[in-house]
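1. Sequence and predicted structure are below.
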Amino acid sequence: QFLLVESGGGLVQAGDSLRLSCANSGRIYGAFSKAWFRQAPGKDREFVAAINFEGSDTEYADSVKGRSTISRDNAKDTVSLKMDNLKPEDTAVYYCAAHPSLSQLVKGTVTYWGRGTQVTVSS
């Protein structure tokens, strides 16, 4: 089910920063961990970052660790991904995802998906 909607994608230059946002587009009941995945052309979808419902625990892929920050605002039902020092290899469609379990979400088990937002990083 697509109950999440992403925003904030676009065309940026290498070295720039970008903030992606994800909001609930429908009613999601319960405490869900949220995550970002991405899929580059010709490649499989891969995990990027995740955060638990309380916002106290985060996980990052090695490829973005140290230059990305995931955060959430439960009062607004939003989750954000701030990416700094963007590289051409970050070019992909970025998807928001949700699952009750952070550990399962990191492994790719997803209850809700968004439809994605395109991020293109030019060199």
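-> Perfect, I can see it now.

2. Any chance you could list what contacts the host helix or strand of Leu20?
-> Element membership for Leu20, per DSSP states H and E: strand 18-24. With contact meaning C-beta atoms under 8 Å, 6 or more residues apart in numbering, strand 18-24 is reached by 3-10, 12, 34, 36, 76-83, 86, 94, 96, 114, 117, 119. The C-beta positions use only the backbone N, C-alpha and C, and glycine is treated the same way.

3. Need the nearest residue in space to the residue positioned nearest the centre of the chain, chain neighbours excluded.
-> The chain has Trp36 as the residue nearest its centroid, 2.1 Å off, counting by C-alpha atoms, centre = their mean. Among residues not flanking Trp36 along the chain, Val48 sits closest, at 4.3 Å (C-beta to C-beta, 6 or more residues apart in numbering).

4. Now do the strands in this structure.
-> For the chain, the strands defined by DSSP state E occupy 2-7, 10-13, 18-24, 33-39, 46-51, 58-60, 68-73, 78-83, 92-99, 112-114, 117-122.
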